[in-house]
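S.K.: turn this into a structure:
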Amino acid sequence: MIEWPAMHYVIVCLAAFFTSGLTLFSGFGLGTLLMPVFALFFPVSLAIAMTAVVHFLNNLFKLVLIGKRAQRRVVWRFGLPALGGAFLGAWVLVHLTDLPPIATYTLFAAPHAITPVKSVIALLMIGFAVLELPRFQHLAVDPRYVPLGGILSGFFGGLSGHQGALRSAFLLKTGLSKEEFIGTGVVIACLVDVTRLLVYWKQLTAGMEHRGLLIAAALSAFLGAWLGARLMPKITMRSVQILVATLLGFIAVGLGAGLL
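M.R.: The predicted model follows:
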């Protein structure tokens, strides 16, 4: 196991803690905010895999609490196609990491590379950050397209971890109650997470060198969500959403340009 300097633990744990708490009133999902934090310290494919571990553990906790409210019919219609989509998306991510750089350059005497995987993830970060803004949060698709929604949500979930926005858009008009909607979403998210984690196995094996940092980050994220839920109401602040979306945009540009 790689021994990280104490300062790295402090930075990553604080980032995970505040990022997790921020999801409660920014409207953005845990994966959307946490993955860029990990990407500042690790290769992007490993950052996505590590975020998937935290995301899965968080969803398992939710599954125990409200998973029994899931609507089985919708889980079958959406979840099964999502499994296939997640496998394909995760497979694409793994193979993108093996492609050579698109371009290389030197800035301030430091070498940088624009790679296919970073470019794709950067574009998805920007696109899904926009989709999670208030204007698009009530976007809904006809229920007859639920299987298609499963494929798309699973694919992007496997590719970059972004699945919540599309899943919500395709489930909003399925006639689910609030509890059924949340429970169904959690079950589907767990199915997607399990599938992509199996495909990410090689990245996760490499990531075990950083297991101490990963465990610390996961615990910090759980603590942030737990404390945030008790100290503040779950509200959505438009100014915070715009600020977070802007920061995500800057990180995405830096990632795509090979600066991160």
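
S.K.: going forward, measure contacts and count neighbours with C-alpha atoms only.
M.R.: OK.

S.K.: check contacts around the spatially most central residue of the chain.
M.R.: For the chain, the residue nearest the mean C-alpha position is G31 (2.5 Å; C-alpha atoms, centre = their mean). Residues in contact with G31, defined by C-alpha atoms under 8 Å, 6 or more residues apart in numbering, are T51, A52, H55, G161, H162.

S.K.: please, which helix or strand holds it?
M.R.: helix 30-39 (DSSP states H and E).

S.K.: follow-up on the earlier one: show me the contacts of G31 that map onto helices.
M.R.: T51, A52, H55 (DSSP state H).

S.K.: any idea how far H112 is from the closest residue in space to the second one that isn't next to it in sequence?
M.R.: Which is A52. With C-alpha to C-alpha, 6 or more residues apart in numbering as the criterion, A52 has its nearest non-adjacent residue at 6.4 Å, and that residue is D193. In this view, D193 and H112 are 32 Å apart by C-alpha to C-alpha, to the nearest Å.

S.K.: so where do the helices sit in this protein?
M.R.: 6-26, 30-39, 44-66, 72-74, 80-96, 116-131, 146-160, 164-171, 178-199, 201-207, 211-231, 238-256.

S.K.: poorly predicted segments of the stretch 51-200 of the chain, please.
M.R.: Across the stretch 51-200 of the chain, the ranges flagged by pLDDT under 70 are 134-137.

S.K.: what's the neighbour count on D142?
M.R.: The number of residues packed near D142 is 12, by other C-alpha atoms under 10 Å.

S.K.: you'd agree it is up against F170?
M.R.: Yes: contact criterion C-alpha atoms under 8 Å: D142 and F170 qualify, at 7.2 Å.

S.K.: one step back: have a look at D193 and H112 and say which one is more surrounded.
M.R.: Remark: of D193 and H112, D193 carries more neighbours, 26 against 16, as counted by other C-alpha under 10 Å.

S.K.: for that one, give its distance to A39.
M.R.: 19 Å.

S.K.: could you check how far the closest residue in space to L139 that isn't next to it in sequence is from L176?
M.R.: Nearest non-adjacent residue to L139, counting by C-alpha to C-alpha, 6+ apart: A169, 5.4 Å away. When distance is defined by C-alpha to C-alpha, A169 is 13 Å away from L176.

S.K.: the two: who's more crowded?
M.R.: Higher neighbour count among A169 and L176: A169, with 21 against 16, using other C-alpha under 10 Å.

S.K.: so that one touches H138, yeah?
M.R.: Yes: using C-alpha under 8 Å, A169 is in contact with H138, at 7.2 Å.

S.K.: identify the residues contacting I242.
M.R.: Counted by C-alpha under 8 Å, 6+ apart, I242 has contacts L133.

S.K.: tell me how far it lies from G31.
M.R.: 17 Å.

S.K.: distance check, N59 against A52.
M.R.: For N59, the distance to A52 equals 10 Å [C-alpha to C-alpha].

S.K.: these two: which has the busier surroundings?
M.R.: A52 (27 against 20).

S.K.: thought that one was touching L159?
M.R.: No: counting by C-alpha under 8 Å, L159 is not a contact partner of A52; they are 10.9 Å apart.

S.K.: quick one, phi/psi of I102?
M.R.: Main-chain dihedrals, I102, degrees, to the nearest 10: phi -80, psi -40.

S.K.: er, G161 actually
M.R.: Per degrees, to the nearest 10, the backbone of G161 is at phi 90, psi -10.

S.K.: okay, now it: neighbour count?
M.R.: 30.

S.K.: what of the one 4 residues further on?
M.R.: By the measure other C-alpha under 10 Å, the count of residues near A165 is 21.
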